[in-house]
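**Student:** Attaching a predicted model along with its sequence, questions to come.
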Amino acid sequence: DDDDDDDDDDENNNVSLAAAELVRRLAFASSRRETPLPTTTTTTPRMMMDDDDNARTMMMFGKVNVISRGETDVREILLLKHQLRRGEEEEGEEGDEKQKNNIDRRIKKPSVVCIAYSMEDTCQPCRMFAPKLEQMARDYETLDVMFLKCDVNASVENRRLDGNVGVFPRVELLDGQTGRKLKVDDDEAWDIRGANETKVREILERRAYNVAKFDGLQRRVFDALRRCKSKCEGNEERFATLVKTVTAYASNAIEKQDPKYRRIRTSGKAFTERVKIVENGEECLRAFGFEKTRRRGDEDGGQDDQEAYEFSNVVFDEFHENNQFTKRELRRVIQLLKALTG
């Protein structure tokens, strides 16, 4: 009874039956480091991302980077134009594959871009907020959050980026993968006004993640789904149901407080008809962080041994040495699957 209705409990679990399009649209480009989201029609505010400037910008994680070229600086970060986490480019001949690989390892796209608007020369709250921003930059370095300070008095470009809002300090948060602005509450607000460190941290706790761990998890999940898709040729509905079910299982495991959502009995009707029926279907659960276990019947008050998939507690421990991903990265993969499947 712990798995029959898991995928119907919450609106967040409503993955469309268009999931059959997932494999074709994404092409499961597992060999690529970054997988672009499909172009969609949206009214969500997003930063301009035209590639019309060849300037290069050095930006670093773990500190607040001061920008002076407004949208150009932000655009270069989102387009991954020589954003290096440490050190300078290594010397070498152009086209040298070894040099290219060394540089690629140091290039990292941010999970979130945090832009703090200020008027440093006349705004006392801005100066008081500055050390808090520096501390947050250090705290979220391993989660690949890029912090930017935009002093509107520094340049015309910075004032244009601010959009003449005229409230300081003010913080905007962008999805580092898509460039879209992130909502900061349920009232359609797209920025945080005032020196509200608590609110900034609250959003980052929900949206920031380690990009390298996300990349590895995304490849693992997409590879598992691709293999299942190949076994469901001619039965798109079965594959769509599988995607919907395993995504719901994973979402419930990290978002629900009740521990029953972290255990799925393999003898359950829902599991049997939606997951087990698909060849390699159980591989998808393992990719999402579930591990197969067997409990003795007397441990559960029953007479028979019970086989189940239990969600790994390691996922909830960000500092565990064997932690390949956390709920942060898993939440992002789930969001990506839902975006791709409508």
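**Tutor:** That came in fine, so what should we check first? Numbers count the residues shown, from 1 in each chain.
**Student:** so what's residue 281 up against?
**Tutor:** Taking Cβ atoms under 8 Å, 6 or more residues apart in numbering, we find residue 281 in contact with 228, 242, 246, 275. Yep, even glycine has a C-beta here, placed from its N, CA and C like the rest.
**Student:** secondary structure class for residue 292?
**Tutor:** In three-state terms, and counting by DSSP: H, G, I helix; E, B strand; the rest coil, residue 292 is strand.
**Student:** Do I have it right that it meets residue 311?
**Tutor:** No. With contact defined as Cβ atoms under 8 Å, residue 292 does not reach residue 311; the gap is 11.6 Å.
**Student:** overlap in contacts of the two?
**Tutor:** Common neighbours of residue 292 and residue 311 (Cβ under 8 Å, 6+ apart) do not exist.
**Student:** who has more neighbours, those two?
**Tutor:** residue 311 (24 against 13; other Cβ atoms under 10 Å).
**Student:** just the strands in the stretch 151-300 of the chain please.
**Tutor:** Using DSSP state E, counting those that start in this stretch, the strands of the stretch 151-300 of the chain run over 170-175, 192-193, 263-265, 290-295.
**Student:** The third one packs against which elements?
**Tutor:** In this structure, strand 263-265 packs against strand 306-311, with contacts taken as 3 or more Cβ pairs under 8 Å, 6 or more residues apart in numbering; DSSP states H and E.
**Student:** buried residues in the strand it packs on?
**Tutor:** Of the residues in strand 306-311, 306, 308, 309, 310, 311 count as buried by neighbour count, 16 or more other Cβ atoms under 10 Å.
**Student:** give me the number of residues near the residue lying closest to the first one once chain neighbours are set aside?
**Tutor:** Once its chain neighbours are removed from consideration, residue 306 has its nearest residue in residue 295; the separation is 5.1 Å (Cβ to Cβ, 6 or more residues apart in numbering). As a burial measure, residue 295 scores 16 neighbours (other Cβ under 10 Å).
**Student:** likewise residue 257?
**Tutor:** Neighbours of residue 257 using other Cβ under 10 Å come to 5.
**Student:** mind checking how far it is from residue 322?
**Tutor:** As judged by Cβ to Cβ, to the nearest Å, residue 257 and residue 322 stand 24 Å apart.
**Student:** what's the closest non-adjacent residue to residue 120?
**Tutor:** Nearest to residue 120 is residue 151, by Cβ to Cβ, 6+ apart, at 4.9 Å.
**Student:** my guess is the one you found contacts residue 122, does it?
**Tutor:** No. With contact defined as Cβ under 8 Å, residue 151 and residue 122 do not form a contacting pair (10.6 Å).
**Student:** Which of these two has more residues huddled nearby?
**Tutor:** Neighbours were counted for residue 151 and for residue 122 using other Cβ under 10 Å; residue 151 has more, 21 against 10.
**Student:** what about the stretch 1-150 of the chain, any weak spots by pLDDT?
**Tutor:** Judged by pLDDT under 70, the stretch 1-150 of the chain has its weakly predicted residues at 1-57, 81-107.
**Student:** can you check the stretch 151-300 of the chain too?
**Tutor:** 296-300.
**Student:** So which elements touch whichever strand or helix holds residue 125?
**Tutor:** Element membership for residue 125 (DSSP states H and E) is helix 124-139. Helix 124-139 is packed against strand 64-67, strand 112-118, strand 145-151, helix 197-207, with contacts defined by 3+ Cβ pairs under 8 Å, 6+ apart.
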